[in-house]
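**Student:** how would this look folded up:
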Amino acid sequence: MQYFTEQAGSHREALEMVRRKYGENAQILSHRTVRAGGFMGFFVREAVEVTGYIKPESRQATKPPAGPSTMAGPDLEEEKRRIIAQARGEQARGDQTLQQVLQEIRGIKDRLDEEHSGLRAVAESEDHETVRRVDALLALNDFSENFRREAIARLRRDFSLERLDDAEGAEDATLEWIGDSIEVWKEQATRRPRILALVGPTGVGKTTTIAKLAAIYAVGIAGEKPRSVRMITIDNYRIGARQQIETYGNIMGVPVSCVETADDLRKTIALHSDADLILVDTVGKSPRDAVKLAEMQRILAACGPNAEIHLALAATTKTSDISQILRQFEPFDYRAVVLTKLDETNRVGNVISALAERKKALSYVTHGQRVPQDIERARVVRLLMNLEGFRVDRAHLEARYAEEPAAAARNERSITPIRS
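**Tutor:** Here you go, the predicted model:
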């Protein structure tokens, strides 16, 4: 007895195919919907599969037509079971073949990865001495792995072997690439009063920074004209915080207000609507404390949509924590970063890398506890001067980044400090 299995797009097409190929003696045993075609799970379509057998001519002549009762005989049932078992075996073999294909693909991928790693290791081992030196300088200054990889790739791409013999030229170019990655925040002209709020983790020096900013704008130093300034503090929890900022305010003649709620902050800002600048000091929060951060965000919302939120970040922060702090304070929609405690570290590559990767600008840099002289507007050259090991041509860099020596001198001139 001859058995057959056929597939078609629909049940009707399957029956027509069977009749066309096997004639009227073809008997259908079963039909089912199957998944046909495709490769590795893609481009699969549904089809109808029919199984059956062809009645011998002799049986057709000697036996009456088979009705429903005769089609269910023991021989037929046995044939059904055999066909089903055969189909299952074919499916199992197909699954096994697919697994073998996948295993071979994984093997090819692993070999390619090994070859890539080997080629990279060979390339690094065969790097020019200048490339290795530049990479060592970047590592010395704590630049991130991604930043170093991009800088070295650019060095290999842009410098021929002859140019790499000029080690100083390669270092100068790398230093310029670092400088180009630093974005400096530009103060925007806003309607009065301008509101600047400082947020950040505990212990980064927000209160001292607020006092320094108040001195710059109220007294009129570092090239700034004197303005009407007010200070508001929300830090009523840290011991001595209120007294500290009030002391600074009394010395500089800047009024200080203390608030606890969003409603208090809104009313106080309205009360000082005639001022040129309102500086808002906030209580330090751990970037892991999402609830407290949300509460602070709700209070600062009272400053209005035009308020400038700056994030205070200590230059001494661990490399592993910098990206987390930048990310956790993102809901505040801070416009720029104030880098504090620059005098307490010689390595700023981690900060430069993190700000470049997240496309954040620097607004101010503080480098000591003295008020008001230990603060200045962020400048590219100021950060580049803090890099270790690089040969820095200051005049060239100041010309490249359009920083006038006179402006730098104003930032660095000696000013009598305010004693608290």
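
**Student:** list phi and psi for V338.
**Tutor:** Note on V338: backbone dihedrals following degrees, to the nearest 10 are phi -100, psi 120.

**Student:** give me the number of residues near it?
**Tutor:** When counting by other C-beta atoms under 10 Å, one arrives at 29 neighbours for V338. (Glycine included, C-beta is placed from N, CA and C.)

**Student:** hang on, isn't it packed against L198?
**Tutor:** Yes: with contacts counted by C-beta atoms under 8 Å, V338 reaches L198, the gap being 6.7 Å.

**Student:** what is in contact with those two at once?
**Tutor:** T209, H310, L311, A312 (C-beta atoms under 8 Å, 6 or more residues apart in numbering).

**Student:** determine which two of these are furthest apart.
**Tutor:** Largest separation among the shared contacts of V338 and L198 by C-beta to C-beta: T209 and L311, giving 11.2 Å.

**Student:** which neighbours do the two share?
**Tutor:** In contact with both T209 and L311: L198, V338, using C-beta under 8 Å, 6+ apart.

**Student:** the helices in the stretch 301-420 of the chain, which residues?
**Tutor:** Remark: helices assigned in the stretch 301-420 of the chain by DSSP state H, counting those that start in this stretch are 319-328, 349-358, 380-384, 394-400, 405-412.

**Student:** do the stretch 101-250 of the chain as well
**Tutor:** Under DSSP H, counting those that start in this stretch, the stretch 101-250 of the chain gives helices at 129-140, 145-158, 161-164, 167-181, 206-215, 241-252.

**Student:** list the buried residues in the longest one.
**Tutor:** Across helix 167-181, burial judged by 16 or more other C-beta atoms under 10 Å covers A170, E171, D172, A173, T174, L175, E176, I178, G179, S181.

**Student:** what does that helix contact?
**Tutor:** Residues contacting helix 167-181 (C-beta under 8 Å, 6+ apart): 129-131, 133-134, 137-138, 147, 151, 154-155, 158-159, 163-164, 352, 356, 380-381, 384, 387, 390-393, 396-397, 400-401.

**Student:** hang on, the earlier thing: how about the helices of the stretch 301-420 of the chain in a markdown table, adding mean neighbour count and mean pLDDT?
**Tutor:** Output for the helices of the stretch 301-420 of the chain, formatted as a markdown table (neighbours: other C-beta atoms under 10 Å; pLDDT from 0 to 100):
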| stretch | mean neighbour count | mean pLDDT |
| --- | --- | --- |
| helix 319-328 | 16 | 90 |
| helix 349-358 | 22 | 94 |
| helix 380-384 | 22 | 92 |
| helix 394-400 | 14 | 90 |
| helix 405-412 | 13 | 43 |
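
**Student:** on that earlier part again, kindly indicate which of the shared contacts of V338 and L198 lies nearest T282.
**Tutor:** For the shared contacts of V338 and L198, the nearest to T282 is A312 (9.3 Å; C-beta to C-beta).
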